[in-house]
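In: return atomic coordinates for the entry below.
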Amino acid sequence: MGEKLDEPYLGDIRQEWHWVKQGVEEILEEQKDLPFIAEDVYAECANKTAQLWVAPEGFVVTTSCSDEYSEAKTLLIWLAWARVKGQDCVVKYTPFFSKLAKDAGFIMLEVRTPIPAPKRWLDSGWRFDHSVYVRNI
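Out: Now for the predicted structure:
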């Protein structure tokens, strides 16, 4: 996967960390409720429980999750970062990640974000599934 110059390729976190870390830290700064630190992302990728995908615009980190009851596997786009915001990389690379997921036996592709999905996401085949509200006690 990622054989074309304009699509993501599987990156080596050890080789790419010098710039990927900055992107992860930017995401963590914008989304203060995320429960992990940048080094957790490094560890997940280094231990091969997550994958770093390098794209011309930035990077994507994927991992898998399974439904606790049906055990259906979902490819989760855990983190996505672009050097220039607003490039719709999720929409742009949906065909790439859909094929990757299907070939690996996943039944669904998932993105989690605190930002409401733009209409163009919904127009490109994504659908809204659910919201999660939390409150400290």
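
In: flag the shaky bits of the chain, pLDDT-wise.
Out: 1-5, 117-118, 134-135 (pLDDT under 70).

In: what comes into contact with the helix or strand hosting Gln15?
Out: Using DSSP states H and E, Gln15 maps to helix 13-30. Contacts with helix 13-30, where a contact means CB atoms under 8 Å, 6 or more residues apart in numbering, come from 11, 34, 36-38, 41-42, 45-46, 52, 54, 58-59, 79, 81. C-beta coordinates here come from the backbone N, C-alpha and C atoms, glycine included.

In: Pro116 and Trp17, how far apart?
Out: Going from Pro116 to Trp17 by CB to CB, to the nearest Å gives 31 Å.

In: so between those two, which is more surrounded?
Out: Shown here are Pro116 and Trp17; by other CB atoms under 10 Å, Trp17 has more neighbours (19 against 9).

In: any idea how far that one is from Gly11?
Out: In terms of CB to CB, Trp17 sits 10 Å off from Gly11.

In: helix, strand or coil for the most centrally placed residue in the chain?
Out: The residue lying closest to the centre of the chain (CA atoms, centre = their mean) is Ile77, at 2.5 Å. Assigned by DSSP: H, G, I helix; E, B strand; the rest coil, the conformation of Ile77 is strand.
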